[in-house]
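Novice: Turn this into a structure:
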Amino acid sequence: MHGLRLAYRRTGHGPAVVFVHGGAEDGRAWTPQLDALSREFTVIAWDEPGAGRSEDMPDQFGLSDYADCLAGMIRALGVSPTSLVGLSWGTTVILELYRRHPAVIRSMVLADGYAGWRGSLGAEEADARLALVRAALTEPAEAFDPTLPGLFAGDPPPPFVPLLNAMAADVRRRSMLIALTAMARADLTDVLPTVQVPTQLIWGALDARSPLSVAREFERRIPGARLAVIPDCGHVSNLEAPHLFNEIVRGFLDSQR
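Specialist: Here you go, the predicted model:
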């Protein structure tokens, strides 16, 4: 896997499900999903290169490298083909994984995501977002907010504020820039109509980062995709509405048994 040591969390018994976190996060972001689903599934949440307990990546690291590392981990753990669940940037990684390594994917859940910023939001918005990221990375430590605005429909859910703070404190600025540069440049819209595995879409109705128009485009272009919209919920739907999110994921995975 590019010679990188990758960390992951694994618990539970049953069919394997691999969780792929969003930008400025690590595998801890899936804590409520691992807790809720481990009685029925073997749940695995990776720390992507440069995040959590995984090693840093080289400077010339792109979206294809993330996908290759994820494919390598899935094969090394002996769970291929597997179901995957991704949120935000994680959906972009999964779509690139499908492009490059379709045989490792049995089914997928794509939540509040993108076919890359360029693909889902257009070049102008992608460039503007990347410029904001670069500007944020120049902020002093006490002013730097790696989560960027607009993640939740309201205030962050109180039970997960300590978790969010812990992940934010561990963000590596260089790694965040590498990942979000890849996100800004990516256009995976051509992958959507090629998907031939069962696909569940989950979106927060009030997602300000990836609006429902993106969800509708995914639903239209991915053959057979089903869309579940969570009311009164923003971008990080797995933490803002964990019970509903988990029920949707569980129902979808049960339908694949």
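Novice: For the stretch 151-257 of the chain, just list every one of the helices.
Specialist: 161-169, 173-185, 212-221, 237-240, 242-255 (DSSP state H, counting those that start in this stretch).
Novice: Ok, which of the ones you listed comes nearest residue 201?
Specialist: helix 212-221 (5.5 Å; Cβ to Cβ). All C-beta spots, glycine's among them, are computed from the backbone N, C-alpha and C.
Novice: Tell me the helices and strands packed up against the closest one.
Specialist: Helices and strands touching helix 212-221, by 3 or more Cβ pairs under 8 Å, 6 or more residues apart in numbering; DSSP states H and E, are helix 117-121, strand 199-204, strand 226-230.
Novice: Residue 13: which of those is closest?
Specialist: Nearest of the helices and strands packed on helix 212-221 to residue 13, taken as Cβ to Cβ: strand 199-204 at 22.1 Å.
Novice: could you give the angle of that closest one to helix 212-221?
Specialist: Relative orientation of strand 199-204 versus helix 212-221 (axes from the mean of the first three to the mean of the last three Cα atoms, to 10 degrees): 170 degrees.
Novice: model confidence over strand 199-204, on average?
Specialist: Strand 199-204 carries an average pLDDT of 98.
Novice: swap in stretch 214-222?
Specialist: Stretch 214-222 carries an average pLDDT of 98.
Novice: Pairing partners for the closest residue to residue 252 other than its chain neighbours in the sheet, please.
Specialist: Closest residue to residue 252 apart from its sequence neighbours, by Cβ to Cβ, 6 or more residues apart in numbering: residue 200 at 4.1 Å. Beta-bridge pairing for residue 200 (DSSP bridges): residue 109, residue 226.
Novice: Kindly provide the distance from residue 200 to residue 22.
Specialist: Applying Cβ to Cβ, to the nearest Å, the value for residue 200 to residue 22 is 17 Å.
Novice: Among those two, which residue is more densely surrounded?
Specialist: Ranked by neighbour count (other Cβ atoms under 10 Å), residue 200 and residue 22 place residue 22 first, with 27 against 22.
Novice: Enumerate every residue touching that one.
Specialist: Contact analysis of residue 22 by Cβ atoms under 8 Å, 6 or more residues apart in numbering lists 29, 87, 88, 89, 90, 236.
Novice: Kindly state the pLDDT recorded for it?
Specialist: Residue 22 carries a pLDDT value of 98.
Novice: separation between it and residue 60?
Specialist: In terms of Cβ to Cβ, residue 22 sits 23 Å off from residue 60.
Novice: Residue 115 reaches residue 194, doesn't it?
Specialist: No: under the criterion of Cβ atoms under 8 Å, residue 115 is not in contact with residue 194, lying 11.7 Å apart.
Novice: Tell me where the model's unsure across the protein.
Specialist: 1-2 (pLDDT under 70).
Novice: Quick one: the strands in it, in order.
Specialist: Along the chain, the stretches classed as strands by DSSP state E are 7-12, 16-20, 42-47, 82-87, 105-111, 199-204, 226-230.
Novice: Can I get the ones you listed in JSON lines including distance to residue 213?
Specialist: Shown next, in JSON lines, are those (distance: least, Cβ to Cβ, whole Å):
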{"stretch": "strand 7-12", "distance to residue 213": "33"}
{"stretch": "strand 16-20", "distance to residue 213": "23"}
{"stretch": "strand 42-47", "distance to residue 213": "29"}
{"stretch": "strand 82-87", "distance to residue 213": "18"}
{"stretch": "strand 105-111", "distance to residue 213": "15"}
{"stretch": "strand 199-204", "distance to residue 213": "10"}
{"stretch": "strand 226-230", "distance to residue 213": "12"}
